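Asks: I need the structure of the sequence given here:
(one chain, ligands or ions: 3)
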Amino acid sequence: MCGILGVVATSLVNQLLYDGLQVLQHRGQDAAGIATSEGGRFHMHKGSGLVRDVFRTRNMRNLEGNWGIGHVRYPTAGSAYNAAEAQPFYVNSPFGLLLAHNGNLTNSEALKREMFLSDLRHINTSSDSEVLLNVFAHELQAACKGLKIDEEAIFTAVAGVHRRCRGAYAVVVMIAGYGLLAFRDPYGIRPLVIGRNDCEAGTEWLVASESVAVDVLGFRLLRDVAPGEAVLVDTGGRFHSRQCAARTVHAPCMFEFVYLARPDSIIDGVSVYESRMKMGEYLADKMRRTMPNVHIDVVIPIPDSSRPSAMQMADRLDLPFREGFVKNRYIGRTFIMPGQATRRKSVRQKLNTIHQEFKGKSVLLVDDSIVRGTTSKEIVNMAREAGATKVYLASAAPPVRYANVYGIDMPTRGELIASDRSEEEIAREIGADGLIYQDLDDLKASVRALNPSLQFFETSCFDGQYITGDITVEYLNGVENQRSEAKPGKNDHNDQDDGDDGQLDLNLASDAER
Ligand SMILES: O=P(O)(O)OC[C@H]1O[C@H](OP(=O)(O)OP(=O)(O)O)[C@H](O)[C@@H]1O
Ligand SMILES: NC(=O)CC[C@H](N)C(=O)O
Ligand SMILES: [Mg+2]
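Replies: Ligands and ions are numbered 1, 2, ... in the order given. So this is what the prediction gives:
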């Protein structure tokens with residue numbers, strides 16, 4: 001997953017974009033980028049690292065203009081180490097276009113071939129987002145009769161993207177001299193919300209992966225972008241929207257509610273926090289039913305994401321809830337770090353035990369999910385070292401058994417601890433005295449309880465059912481080969497070491513654009 005953001009403001013936008021990316025940082029820690037527009041000229045700076053490391057004052061000063069987009073990256077295609085794959089991506093034809101994408105295209109290889117053979121466009125990185133931008137650019141060129149760009153042509157181009165692209169995509173695009181466009185794939189797999197701010201100088205607009213950016217920037221949450229819908233804010237501040245997909249099925253990614261999103265976000269009308277509390281309640285009920293003879297002294301969350309579920313589980317089971325692990329706030333999320341060795345080391349650096357909460361006790365540790373098992377193995381071990389007599393583990397999500405191909409970097413089944421193990425085998429592998437997983441139906445019920453209109457969810461990592469219907473075994477094997485631990489290559493570097501290499505200044509104003 002990644003975080004995307006687009007803002008049309010009434011004054012300088014650079015600080016809004018920076019602050020917005022900071023609160024979307026949990027969605028991607030590998031690279032960050034901001035592009036702004038001043039008249040017909042784009043300014044952009046992007047590079048590898050956290051937002052606070054990528055942008056220096058001098059970079060911010062160059063990001064002039066009242067509207068722009070931003071991105072934080074957690075790669076699912078290409079490499080975490082390649083600064084050239086940081087977003088936004090830019091093309092200069094048919095108009096100046098800059099794009100930032102959250103998600104993953106599942107037909108990007110086929111599209112890449114089409115790009116080269118029939119659309120006569122060159123793709124220079126391994127990023128599917130660069131492919132997506134070129135598809136949009138090609139469709140826009142085809143939709144613009146002569147040199148005139150208008151709302152009709154832009155929405156027709158989005159319809160073309162829906163026709164050609166498969167997979168997950170929530171997207172923001174800057175169209176030079178015209179305005180900010182945002183759209184979501186016809187399944188609405190990845191989230192995208194709209195915010196509005198009526199101020200003295202006029203109306204400002206915002207689109208973001210999560211509503212937490214709307215809150216923090218002082219905007220008002222208007223609604224989600226609907227699956228298949230495109231919204232457009234022109235440079236005059238006028239807002240337009242249109243359904244651009246022939247058929248839509250709303251199926252948001254379940255893993256957003258389980259782990260990815262911040263608890264203070266509202267996605268598709270669902271409070272992520274409340275859905276996690278519900279998960280805890282369902283799991284407590286299952287525990288009562290299936291493990292009636294297990295004695296527990298204390299419930300302990302594995303920080304951070306599991307806290308709401310663990311808290312509610314303890315409440316429902318009438319057990320004390322205690323903090324047994326202290327998290328080093330300066331270490332990022334370990335699950336989204338590149339490379340298993342880094343992840344393992346980070347768990348130890350990140351969490352330390354409060355011995356008193358473990359000594360002589362039977363403890364129930366609660367996590368939101370168990371993916372590779374890196375965290376659980378370390379944590380169970382640490383609980384025993386701290387003196388726990390029994391260590392039980394509960395997961396607020398079902399076993400993660402299948403690859404995710406829609407924007408979460410879980411591409412290799414072999415990496416997943418549950419891919420070919422029974423629950424007893426997993427408990428043994430992790431070293432727990434007992435293990436309990438959420439049932440998938442209960443997980444769906446936890447989210448649906450907060451928005452009953454949500455009939456479908458993207459739950460492929462739990463049940464192997466890929467909502468877009470185009471995923472074959474050959475495809476999965478191919479992705480597995482490509483992605484198994486993308487390693488640093490000779491073209492990969494961190495452009496922060498190279499002074500201002502990541503900075504681009506572009507002057508793209510042309511008469512043809514209006
Ligand atoms: O089985 P694993 O491969 O270890 O992955 C699962 C763990 O990773 C995540 O935590 P993370 O540290 O990324 O973030 P958090 O602080 O938000 O919980 C998640 O909350 C689990 O704890
Ligand atoms: N996680 C994401 O949304 C990644 C976006 C895009 N596929 C990339 O690898 O950069
Ligand atoms: Mg965690």
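
Asks: And the chain, split by domain according to the record?
Replies: The chain is divided into the following domains under automatic domain parsing: 3-251+493-499, 274-328+335-449.

Asks: and the end-to-end length of the last one?
Replies: Its start and end residues considered, domain 274-328+335-449 measures 9 Å (Cα to Cα, to the nearest Å).

Asks: Compute the first-to-last residue distance for stretch 292-309.
Replies: Across its full length, stretch 292-309 reaches 20 Å between end residues, using Cα to Cα.

Asks: Just the buried positions in it, please.
Replies: Burial within stretch 292-309, assessed by neighbour count using 16 or more other Cβ atoms under 10 Å, is assigned to 296-309. The way it works is simple: take the backbone N, C-alpha and C, and place the C-beta from them, glycine included.

Asks: what mean pLDDT does that stretch have?
Replies: Average pLDDT, stretch 292-309: 97.

Asks: try stretch 164-173
Replies: 98.

Asks: C-alpha coordinates for that stretch, PDB please?
Replies: Extracted C-alpha coordinates of stretch 164-173, given in PDB (Å, rounded to 0.1, in the frame of the first residue of the first chain):
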ATOM      1  CA  ARG A 164      -7.600  -1.500 -20.000                       C
ATOM      2  CA  CYS A 165      -6.200  -1.800 -16.400                       C
ATOM      3  CA  ARG A 166      -6.900  -4.700 -14.100                       C
ATOM      4  CA  GLY A 167      -6.100  -4.700 -10.300                       C
ATOM      5  CA  ALA A 168      -6.300  -2.100  -7.700                       C
ATOM      6  CA  TYR A 169      -5.800   1.600  -8.200                       C
ATOM      7  CA  ALA A 170      -6.600   4.700  -6.200                       C
ATOM      8  CA  VAL A 171      -5.000   7.600  -8.200                       C
ATOM      9  CA  VAL A 172      -4.400  11.300  -8.100                       C
ATOM     10  CA  VAL A 173      -3.300  13.100 -11.300                       C
END
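
Asks: How far away from the center of its chain is it?
Replies: Going by Cα atoms, centre = their mean, to the nearest Å, the spacing between the C-alpha centre of stretch 164-173 and its chain's C-alpha centre is 13 Å.

Asks: and if you look at stretch 405-415?
Replies: Taking the mean C-alpha point of stretch 405-415 and that of its whole chain, the gap between them comes to 13 Å (Cα atoms, centre = their mean).

Asks: what comes up buried for that stretch?
Replies: By neighbour count on 16+ other Cβ under 10 Å, the buried set for stretch 405-415 is 405-413, 415.

Asks: hmm, which helix or strand of this protein has the shakiest average pLDDT?
Replies: For the chain, using mean pLDDT, DSSP states H and E, the weakest element among its helices and strands is strand 503-507, scoring a mean of 46.

Asks: tell me which element R428 falls in.
Replies: helix 423-430 (DSSP states H and E).

Asks: The helix or strand just after that helix - which strands sit beside it in the sheet, and in what orientation?
Replies: If you walk from helix 423-430 toward the C-terminus, the next helix or strand you reach (DSSP H and E) is strand 434-437. Its sheet considered, strand 434-437 pairs with strand 390-395 (parallel) by DSSP bridges.

Asks: how about the partner strand, does it reach ligand 1?
Replies: No: Strand 390-395 stays clear of ligand 1 (Cβ under 6 Å from any ligand atom), getting no nearer than 8.8 Å.

Asks: got the CA coordinates for that strand in CSV?
Replies: Output in CSV follows, covering the C-alpha atoms of strand 390-395 (Å, rounded to 0.1, in the frame of the first residue of the first chain):
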residue,chain,number,x,y,z
LYS,A,390,1.7,-20.0,29.6
VAL,A,391,1.6,-17.9,26.4
TYR,A,392,-1.5,-17.9,24.3
LEU,A,393,-1.8,-16.0,21.1
ALA,A,394,-4.9,-14.5,19.4
SER,A,395,-5.1,-13.0,15.9
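
Asks: contact partners of that strand?
Replies: Outside of strand 390-395, the residues within contact range by Cβ atoms under 8 Å, 6 or more residues apart in numbering are 283, 287, 294-296, 310, 313, 362-370, 376, 380, 383-384, 427, 430-438.

Asks: so E378 makes contact with Q349?
Replies: No: taking contact to mean Cβ atoms under 8 Å, the distance of 10.5 Å between E378 and Q349 leaves them out of contact.

Asks: neighbour count winner among the two?
Replies: When E378 and Q349 are compared on other Cβ atoms under 10 Å, the one with more neighbours turns out to be E378, at 22 against 11.

Asks: buried sites along stretch 259-279?
Replies: Counting neighbours by 16+ other Cβ under 10 Å, one finds that the buried residues in stretch 259-279 are 259-263, 265-268, 270-279.

Asks: which intervals of the stretch 251-400 of the chain have sub-threshold pLDDT?
Replies: Screening the stretch 251-400 of the chain residue by residue with the criterion pLDDT under 70, one finds the ranges 335-338, 340-345.

Asks: returning to what we had before: the helix holding R428 close to ligand 1?
Replies: No: Helix 423-430 stays clear of ligand 1 (Cβ under 6 Å from any ligand atom), getting no nearer than 9.2 Å.

Asks: elements contacting that helix?
Replies: Other helices and strands packing on helix 423-430, by 3 or more Cβ pairs under 8 Å, 6 or more residues apart in numbering; DSSP states H and E, are helix 374-385, strand 434-437.

Asks: Any idea which of those gets closest to ligand 1?
Replies: When those are compared by Cβ to the nearest ligand atom, helix 374-385 sits nearest ligand 1, at 3.3 Å.

Asks: Show me what that closest one packs onto, helices and strands only.
Replies: Looks like helix 374-385 contacts helix 340-350, strand 351-353, strand 362-367, strand 390-395, helix 423-430 (3+ Cβ pairs under 8 Å, 6+ apart).

Asks: contact partners of the third one?
Replies: Among residues not part of strand 362-367, those counted as contacts by Cβ under 8 Å, 6+ apart are 280, 283, 294-302, 305-306, 309-310, 313, 319, 324, 357, 375-376, 379-380, 383, 388-396.

Asks: still on that earlier bit, tabulate the buried residues of stretch 292-309 in TSV, adding columns for secondary structure.
Replies: Listed next are the buried residues of stretch 292-309 as TSV, based on DSSP: H, G, I helix; E, B strand; the rest coil:
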residue	secondary structure
I296	coil
D297	coil
V298	strand
V299	strand
I300	strand
P301	strand
I302	coil
P303	coil
D304	coil
S305	coil
S306	coil
R307	helix
P308	helix
S309	helix
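
Asks: quick check, nearest of the residues you listed to ligand 2?
Replies: S305 (17.1 Å).

Asks: and this protein, which of its residues are near ligand 2?
Replies: Applying the criterion Cβ under 6 Å from any ligand atom, the portion of the chain that neighbours ligand 2 consists of 1-2, 73-78, 85, 101-104, 127-129, 407.

Asks: Sitting in strands, which of these do you find?
Replies: When strands are assigned by DSSP state E, the members of the residues of the chain next to ligand 2 inside them are 73, 101-104.

Asks: from those residues, which is closest to ligand 1?
Replies: Ligand 1 lies nearest to R73 out of these, by Cβ to the nearest ligand atom, at 15.9 Å.

Asks: If we ignore the residues flanking it in sequence, what's nearest the closest one?
Replies: In this structure, R73 finds its nearest non-sequential neighbour in A31, 4.1 Å apart by Cβ to Cβ, 6 or more residues apart in numbering.
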